[in-house]
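Undergrad: This is a predicted model, with the sequence first.
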Amino acid sequence: MAGMLRVTYKKSSIGYSQRQKDTVRSLGLKRLGQTVEVPDNLAIRGMVQHVQHLVLVEAGDGEQPAADVGAGGAGGVGRQQ
């Protein structure tokens, strides 16, 4: 899971909770359309999962696509199996 993720701010957080707005800011995103590279770790993946409807995520260094971001991590918490 080492590497970088490229996170792009795609949808405004106006109308969403303050917690989600704070998460977007914590990812380093300030303006719509802005892209930042953040380390690929469980904490960042959890933040991205929390605001997945507002951001677009890609692999940052040409590795595999980051389509599974937020799909694991905490052992499937919240999933029925």
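TA: Looks like it arrived, so ask away. Numbering: from 1, shown residues only.
Undergrad: what's the helix or strand for Val24?
TA: For Val24, the host element (DSSP states H and E) is helix 18-26.
Undergrad: which parts of that helix are buried?
TA: 21, 23-24 (16 or more other CB atoms under 10 Å). In this view, the C-beta of every residue, glycine as well, is placed from N, C-alpha and C.
Undergrad: Mind picking the one among the residues you listed that's closest to Thr8?
TA: In terms of CB to CB, no member of those lies closer to Thr8 than Val24, at 11.3 Å.
Undergrad: need the contact list for the closest one.
TA: 9, 13, 51, 54-55 (CB atoms under 8 Å, 6 or more residues apart in numbering).
Undergrad: if we go to 7 Å?
TA: 9, 13, 51, 54 (CB atoms under 7 Å, 6 or more residues apart in numbering).
Undergrad: Nearest the middle, which residue of the protein would you pick?
TA: In the chain, the centroid-proximal residue (CA atoms, centre = their mean) is Val48; its distance is 2.1 Å.
Undergrad: Excluding chain neighbours, give the residue nearest to Lys10 in space.
TA: Leu56 (5.0 Å; CB to CB, 6 or more residues apart in numbering).
Undergrad: What is the neighbour count of the one you found?
TA: Leu56 has 14 neighbours, counted by other CB atoms under 10 Å.
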